[in-house]
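Build the 3D model from these lines:
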Amino acid sequence: MGHGHRRDTLTDVMNHFNWTKTRKEARRLFFAYFDATKEYQRKELELQEIEEDLPPNYLLQLRNESAARGPEQFLSATFQAPTKSQILVAIWDIEDAEAQITQSSSSHSEAMFINNAIDLADLQYQVRVKQVEVGPNPGGDGQRRALLLMEERVKNRIGEHFSTLLRVCPELQEADLVRGQPLTTQKLYLPSNFLPRDLPKYKLEKIAKKEAQIQIAEAHDALRRLRNALGLKELLLQSQRKHVRGYEQNTRAKGFVVIAEKGIKRQAEAYRRAWKAIGNLGVQVGPDTAAGDLRPLLDDDIVPLREFSEERRFIGDNEGVPWIWRLMSINGTESEPGNGVMGTVNSWNNEGVYVPADWGDVPCLHSSVVRLAWLHAQASRDRWWEEVILLKEELRRVGESFTHREMEWISVADAAHINGADEARLTRGAKAYAYRQAAVYKYLASEAKQRYDEATRPYKPKAFGSSMDVK
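Residues are numbered from 1 along each chain as shown. A predicted model of the protein is given here:
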């Protein structure tokens, strides 16, 4: 096969493929329309079931607020725990005030040192993961070079860490600190790595309190990032499934899902490190403490909330929802935000989440979760209603497009009749081909019109799950 023959063959194959898609377009849109209709009916039933479990007054309030508010209504209205950045800023303000009082000129911030150590621990975890990936499958020089750069970075960071450690905590020069361990398992010797009885010995009580405050904020930040990563993975899983219009899933989305899974594992590991440090420092946890209702993170807790909102497990059985989605303050009274670290924490703990008084004994998590679940169900239903409208309009335009192509071929065939002298320009074979093409598009246009008439024909919707007779 020569170069020109190969090119002609590929052109013929691709043209035939495109023609096959064009010929089946009306039929594909027709069945996609009824699939979307059935999905819309199912979403409508789910929304009705949710609304049946809500008090009428609260349901009316939800509808009025949804009509008046913008995209921010899909965000949680509950007060979140202060971020690590907020805690660090509060500690830095305290350190600056103490430096001014004591007229100290030390350039080493204990809070910054602890924060850098937490980031270094995360970098050690990333290197461990990279070593596992590169070990059995080197993947070329690029993967190996990236791993070497990460290991060199960790090595430099560890050296800087120990240099700063001995400046921030000079009493540790007398301690037997083990150095030279493998990069990914090198102990960083924060106060949480020492026994409680050793803290006074090395004068680590003050820095231990700061680490406790930062580790609590790191735990809450890790949970926030974990919830976001779970939501991202669920979104990618939904997008890689076969679309209602018939397009198959793509392999690029699968790669994104793998990346999202790595992010979930990374944030889960970050929380577990923070939780271990909190436990070693003897921090009290609970609903009325500065740490909040933190608890150990199990693999069964790392579940997307969508699985529970779809099955409406939050109605009647609050214990079915993993605690990472229920970790929020629902008691207390409003207060003015305070200053400093504890003021920042207390401003969060003292904020409450409004629960309507007319709910009575209706079981639920609280108003924010129910509001988000109702908005999710309503938005999902509206999305499929828009899909039904779009598919119907696309089906109509397909028929119009075929009619336009039919008229084009007829005009090409009739062009010779404009002037008898131009009869030689069009042979009988060319005319026959043009009329044949016009007939083909006429048939496709009539089929598309028939499909459109069937789709727009008034009918009584059947219950979801029953087979719909379509031809």
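
where's Tyr452, which helix or strand?
Per DSSP states H and E: Tyr452 is located in helix 428-456.

Can you get me a residue count around the closest residue to Ile158 other than its chain neighbours?
Distance criterion C-beta to C-beta, 6 or more residues apart in numbering; nearest residue to Ile158, sequence neighbours excluded, is Gln186 at 5.6 Å. No exception for glycine: its C-beta is placed from N, CA and C like everyone else's. Number of residues near Gln186 (other C-beta atoms under 10 Å) recorded here: 19.

Also the one 3 residues further on?
Taking other C-beta under 10 Å as the neighbour definition, Tyr189 ends up with a count of 21.

One more: Ala111?
Per other C-beta under 10 Å, the neighbour tally for Ala111 reads 21.

so what secondary structure elements neighbour the host helix or strand of it?
Taking DSSP H and E as the definition, one finds Ala111 inside helix 110-134. Helices and strands touching helix 110-134, by 3 or more C-beta pairs under 8 Å, 6 or more residues apart in numbering; DSSP states H and E, are helix 84-102, helix 140-168, helix 205-240, helix 251-280.

Deepest-packed of those helices, please.
helix 205-240 (a mean of 20; mean count of other C-beta atoms under 10 Å).

by contact count, what packs against that one?
helix 84-102, helix 110-134, helix 251-280, helix 323-326, helix 340-349.

Now do the buried residues in the helix holding Tyr452.
Of the residues in helix 428-456, 431, 434, 437-438, 440-442, 444-445, 447-449, 451-452, 455 count as buried by neighbour count, 16 or more other C-beta atoms under 10 Å.

on that earlier part again, is it possible to export the helices and strands packed on helix 205-240 to a markdown table including distance to Gln61 and mean pLDDT?
Putting the helices and strands packed on helix 205-240 into a markdown table (distance: least, C-beta to C-beta, whole Å; pLDDT from 0 to 100) gives the following:
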| stretch | distance to Gln61 | mean pLDDT |
| --- | --- | --- |
| helix 84-102 | 32 | 83 |
| helix 110-134 | 43 | 91 |
| helix 251-280 | 35 | 87 |
| helix 323-326 | 23 | 78 |
| helix 340-349 | 26 | 44 |
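
Could you export those as a markdown table, including distance to Cys169?
Output for these, formatted as a markdown table (distance: least, C-beta to C-beta, whole Å):
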| stretch | distance to Cys169 |
| --- | --- |
| helix 84-102 | 15 |
| helix 110-134 | 9 |
| helix 251-280 | 16 |
| helix 323-326 | 34 |
| helix 340-349 | 20 |
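
Relative to Glu52, which of these is closest?
helix 323-326 (23.4 Å; C-beta to C-beta).

Output the closest one as PDB, restricted to C-alpha atoms.
Provided in PDB are the C-alpha atoms of helix 323-326 (Å, rounded to 0.1, in the frame of the first residue of the first chain):
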ATOM      1  CA  TRP A 323     -18.400  11.800  62.000                       C
ATOM      2  CA  ILE A 324     -16.300  13.800  59.600                       C
ATOM      3  CA  TRP A 325     -19.500  15.200  58.100                       C
ATOM      4  CA  ARG A 326     -21.200  15.700  61.400                       C
END
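
still on that earlier bit, of the helices and strands packed on helix 110-134, which is nearest Asn18?
helix 251-280 (22.4 Å).

Strands of the stretch 301-450 of the chain, start to end?
For the stretch 301-450 of the chain, strands defined by DSSP state E, counting those that start in this stretch do not occur.

so where's it uncertain?
Counting by pLDDT under 70, the stretch 301-450 of the chain has low-confidence residues at 305-320, 327-369, 416-427.

What degree of burial does Val13 show, as a neighbour count?
Neighbour count for Val13, taken as other C-beta under 10 Å: 10.

Now it. Its backbone dihedrals?
phi -70, psi -40 (degrees, to the nearest 10).

next one: Ala291
The phi and psi values for Ala291, taken as degrees, to the nearest 10, are phi -80, psi -20.

so the residue lying closest to Glu174 once chain neighbours are set aside, which of the three states?
Closest residue to Glu174 apart from its sequence neighbours, by C-beta to C-beta, 6+ apart: Tyr202 at 7.7 Å. The three-state assignment at Tyr202 reads coil, by DSSP: H, G, I helix; E, B strand; the rest coil.

residue contacts, Tyr202?
169, 171-172, 174-175, 194 (C-beta atoms under 8 Å, 6 or more residues apart in numbering).

Most neighbours out of those residues, which is it?
Going by other C-beta under 10 Å, Cys169 tops those with 20 neighbours.

Next, work out how far apart that residue and Leu199 are.
Plainly put, Cys169 is 11 Å away from Leu199 if you go by C-beta to C-beta, to the nearest Å.

Val127 too?
30 Å.

which secondary structure elements does the helix or strand hosting Glu65 contact?
In the assignment (DSSP H and E), Glu65 maps to helix 56-68. When contacts are defined as 3+ C-beta pairs under 8 Å, 6+ apart, helix 56-68 packs onto helix 367-413.

angle of the helix it packs on against helix 56-68?
Put simply, helix 367-413 runs at 50 degrees to helix 56-68, going by axes from the mean of the first three to the mean of the last three C-alpha atoms, to 10 degrees.

helices or strands up against helix 367-413?
Identification of packing neighbours for helix 367-413 by 3+ C-beta pairs under 8 Å, 6+ apart yields helix 25-52, helix 56-68, helix 306-311, helix 428-456.

any idea of the angle the first one forms with helix 428-456?
If you take the same axes, to 10 degrees, helix 25-52 sits at 10 degrees to helix 428-456.

just use 57 as the starting number from now, easier for me
Shifting the count to begin at 57 puts that one at helix 81-108.
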